[in-house]
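Visitor: Any chance you can model this:
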Amino acid sequence: MSLFTKDSPLDYTNDSIPQKKAHRLSLEDPQGFWMKQALEFIDWDKAPTVAISQTKPGMLHKALWFPDGRLNVCYNAVDRHVLNGRGDQIAVIYDSPVTDSVRKYTYNELLREVKCFASVLKRHGVVCGDTVLLYMAMVPQTLIAMLACARVGAIHSVVFGGFAPVELAKRISDCQPKVVLSNTCGLESKNKIVPYKPLLDKAFELAKYRPQATIILQREQLRVPLDPLKNEFYWDTELANASSSAEDIGCVMVESNHPLYMLYTSGTTGTPKGIIRPCGPHAVALIYAQRYMYGLHPGETMFTFSDFGWTLGHSYAAYGPLLNGSTTVIFEGKPVGTPDAGQLYRVFSQHNVRVFLCAPTVVVVLRRADPQGIFRAKYDLTHMRGLFLAGERCTPEIHRWWISTITGCAPSAEEPTISCSDEISNVVSDNWWQTESGSPMTGICIGHSNDGADVVPIKYGSAGMMLPGCDLRVIRVKEGLDEDEGIDANPEFAESDEVGNIVAKLPLPPGFITTLWKDDERFFDAYFRRYPGYYDTGDTGMIDSEGYVHILSRTDDVIKVAAHRLSTSSIEEVVFNHNAIAECCVVSRPDAIKGRVPMVFAALRAVNNEDSKGTVQKELVQLARTRVGPIVSLYPHNVVFVDRLPKTRSGKILRKMIRMMIDSVYDSLAQGVPVYEDRCPIATPATIEDASVKMETWHTIVNLCHNTPM
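Guide: This is a model prediction of the structure:
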C-alpha cells in the first residue's frame, strides 16, 4: 500500500539528503520501510508479518501497525540489554539539586528494581489490562513504576504533580485505576515543599472513587502517616514484602497494539481526553527518532527536561533512551533558582550528555536569568551533539540566542538558515510533535550520517521538515465554515508559504494515538470528522517552498502555557463559580516567557465600581490557582470585563475571532505597525449574531494590549 500521492506538497526530484530520501521511501513503501525498522530495532515474542493492516472504507483512522506482532516494552527497554551484555552500563541518572543528590542505576540494578515493584503490583491484584495511576514527582521510583506496569501488561496513566484535586479527580473518575501510586511531596526548591497526599485525598473525595490500594512513597522532606483502613500502604514496606518473589516476575507478552499507557490531554471541553499509546508501534517510532533524528547512539546519554506527566517525559525521559540502550537523566529541579542558571550546563558536563531536549520556555528563562551566558562559560560542552526544542514554537530570536550561547558563535540576524559544520556537533534545532503523535512529526535529522553535509540546513522560525510517515498538508480556512461543527468535505489545499490549518493524510505513522480511553466516537469526532481522510492537528501554520514546516498557533482553545496544555473550558468552569460572573470565555494571548497565557473575558452581574472589579480580578486569579493549579498562569491584568461577548446566532461565543484579534494586535505592535481602533483586520464571521459586538471587542483588545505588558 503506497501512501505517496501526486498531490503531495513536496518535490522529491532531488532527495540526496538522507532525511528527504527516508521520508519519500516511507510514503512510497510504508510496508517495506517500517517492517525494516521494526525487525531491526525491536525484540518480538512473535514477529509481525505485515507493517500496517488494511481497514474498511472510511475507517483509515483505525489502521493498526504490526497488528500480528507480540512483545513486551519493558523487556525491550531493560531485560534485553542485560541479556546482551549491557548490564553494567548506566541506564538512569537521577540528578536532584533540590535534594543535593545524584543516584545512578545500571541496567542490572534497574531490572532488579522493576521486577520488585512489578511483584508489588501483582500482590495487589494488578493484571494485564488493568489501569494504574501515578501522581508522582520526578524521582526514579516513578520511572521504575512505569516500567513495572509495562512488565505486567498494565496500562499506566501518569498525572503531573502540579495538578489541583479537581483536575486529578477527573482523571481518576475516567480511568478507574485499580492502584494509585503517589509520593508524600514534590520539591519546588530546597525550601519549598508541595504536599501531594492532601491533594490526592481531596481528589478521591471529589471523584467518589477509591482504588483497591494506594501506595505512597515517603520522602525524607515530608513524612505522613497512612491509614490502613483506606487501603493505604507504605512504598518501602511493600517492596520489602515483595522482594522474595521478585525474581519470578517475568514479562507479559501483549499484542502489538495493546495500550502501553494512557496520557490525558486537555480538550475543548472540561473532560480530559485519555490518549491511548500502542506498545509495538510506539517502540518502533521512538527508536527510529532516537537513532536518526536525535542522533543518539546506544551507550550515550540523553537529557530530556520534562516531567513524566507530559508526553515529552514519557517518550524521551523514560522509554526512548532505554529502548535504545542509552542512558537517561531524571532531573528534579528548575533551569534557574535551584540554585542558579548554571544547573543545566552542569548536568550537560557532569554526565556527558550528548542530546538535550526541552521546551523553548526553558531557553527563554535562561536568557532572562543569564543573558550573557556567564554560567554557560564555566563548562566545556564540545561533546554535545544536538540540542532540540519542542512543545511550542521557538521564535527566531530565542533560537539564535540559544545557538550563540551554546556554540559561542553568533549567527547572523540577516541569514534565514544555518548549516551544520562538517562535524555534527552542538546542533540546535526545533521540532514539532503532539501528545497525540508521541514522537516528532517534523524536525532536522542529525543521525543519518556523521557528515554535516548530509543534514538539511536549519531554518529559523520553522520546525524542520517532515519525518517518515508524516504526509502533512495545509488546508485553507473557510470563513463560512462553523468553527465548532463544520465538516470540510472538499478541502482546499494552500499554496507554499500560505497559512492555514495543518492536517496529516491518513493513515497516521506508527506510534500515534489509536483511540481515546473507552471513547471511539469522541476519538473520531475530535481528530478526523472535520477533514475526512485527514488527521486534524489543531495547529495553524504553513509549509514553505523548500518543504520546511512552520507551526504558528493552535486552532482550538487549548492553551499551551510553558509547554503545558490547559483546557480553556476547565478555566471557564472555575471562573463561573464566582458569583459576580454572568458569562465568560477564556482564550490565550502571547506571553514573553510562557508562550501563551490565559485571558478571561467576562460580563459581570452587578459590579460597577473599579475597586470592586479589582477585587473580583484577584479572587478569580486565586480561584484558578487553587482549582486548576499554579501552572494556570492567570494574572489580574488578563481578566477583562466587558458588557457583552460576541456570539453566533446559536449562542456560541466566537472564541476564535477573539483569539485572532488578540494575535493581530500583538503581532502589529511587535513589528511596530500602527493599530487603529476603527479598523479591525479580522473578517466578520458569517455566523455572528450582532456585528456591532465585534467592534466593541476590538476596541477593548486594542486598549488592553496597548496598556498591559506582554
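
Visitor: contacts and neighbour counts: CA atoms only from here.
Guide: Fine.

Visitor: how does this protein divide up, domain by domain?
Guide: For the chain, whose domains are defined here by automatic domain parsing, the residue ranges read 18-66+469-554, 571-707.

Visitor: Please tabulate those in a markdown table and include mean neighbour count and distance to residue 127 as additional columns.
Guide: Supplementary listing: these in a markdown table, determined by neighbours: other Cα atoms under 10 Å; distance: least, Cα to Cα, whole Å:
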| stretch | mean neighbour count | distance to residue 127 |
| --- | --- | --- |
| domain 18-66+469-554 | 19 | 18 |
| domain 571-707 | 17 | 32 |
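
Visitor: Which one of those lies nearest to residue 206?
Guide: Put simply, out of these the one that sits nearest residue 206 is domain 571-707, at 12.0 Å, with distance taken as Cα to Cα.

Visitor: what's the spacing between the closest one and its chain's center?
Guide: 26 Å (Cα atoms, centre = their mean, to the nearest Å).

Visitor: now stretch 380-393
Guide: Shown here is stretch 380-393, whose average C-alpha point lies 17 Å from the average C-alpha point of the whole chain (Cα atoms, centre = their mean).

Visitor: can you start the count at 234 instead of 1 from here on
Guide: New numbering, starting at 234: the last item is stretch 613-626.

Visitor: got the buried residues for that stretch?
Guide: Residues 614, 617-626 are the ones in stretch 613-626 that count as buried (16 or more other Cα atoms under 10 Å).

Visitor: Give me the contact list for that stretch.
Guide: 527-528, 578, 581-582, 585-593, 639, 657-667, 679, 694, 696, 784-786, 793, 795-796, 828 (Cα atoms under 8 Å, 6 or more residues apart in numbering).

Visitor: Between the domains of the chain, which one is closest to residue 376.
Guide: Ranking the domains of the chain by their distance to residue 376 (criterion: Cα to Cα) puts domain 251-299+702-787 first, at 19.9 Å.

Visitor: Show me the contact partners of stretch 865-879.
Guide: Contacts for stretch 865-879 (Cα under 8 Å, 6+ apart): 794, 799, 817, 830-837, 847, 850-851, 854, 857-858, 886-887, 921-923, 926-927, 930, 933, 941.

Visitor: Same question for stretch 394-409.
Guide: Taking Cα under 8 Å, 6+ apart as the criterion, the residues outside stretch 394-409 that touch it are 364, 366, 368-370, 392, 419, 429, 432-433, 435-437, 439-442, 444, 497, 504-505, 542, 750, 859-864.

Visitor: Drop anything exposed from these.
Guide: Buried subset of those (neighbour count, 16+ other Cα under 10 Å): 364, 366, 368-370, 392, 419, 429, 432-433, 435-437, 439-440, 444, 497, 504-505, 542, 750, 859-862, 864.

Visitor: Now intersect the residues you listed with the strands, please.
Guide: Among those, the members falling in strands (DSSP state E) are 364, 366, 368, 419, 497.

Visitor: For the last one, list each beta-bridge partner.
Guide: When bridges are taken as DSSP bridges, the partners of residue 497 come out as residue 507.

Visitor: tell me the helices in the stretch 734-883 of the chain, going along the chain?
Guide: Under the criterion DSSP state H, counting those that start in this stretch, the stretch 734-883 of the chain carries helices at the ranges 753-760, 801-808, 843-860.

Visitor: thinking again about what came up before, format the domains of the chain as a markdown table; extra columns: distance to residue 487.
Guide: As requested, these are exported to a markdown table (distance: least, Cα to Cα, whole Å):
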| stretch | distance to residue 487 |
| --- | --- |
| domain 251-299+702-787 | 9 |
| domain 804-940 | 36 |
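
Visitor: mean pLDDT lowest for which of those domains?
Guide: Lowest mean pLDDT of these: domain 804-940, a mean of 82.

Visitor: Straight-line length of that one, end to end?
Guide: Terminal residues of domain 804-940 lie 24 Å apart, using Cα to Cα, to the nearest Å.

Visitor: re the thing from before, right, and the helices of the stretch 734-883 of the chain - which one's nearest residue 356?
Guide: Between the helices of the stretch 734-883 of the chain, helix 753-760 lies closest to residue 356; by Cα to Cα that is 32.4 Å.

Visitor: what packs against the closest one?
Guide: For helix 753-760, the elements it packs on are strand 767-776, judged by 3 or more Cα pairs under 8 Å, 6 or more residues apart in numbering; DSSP states H and E.

Visitor: Give me the sheet partners of the strand it packs on and which way each runs.
Guide: The pairing partners recorded for strand 767-776 under DSSP bridges are strand 733-738 (antiparallel), strand 782-787 (antiparallel).
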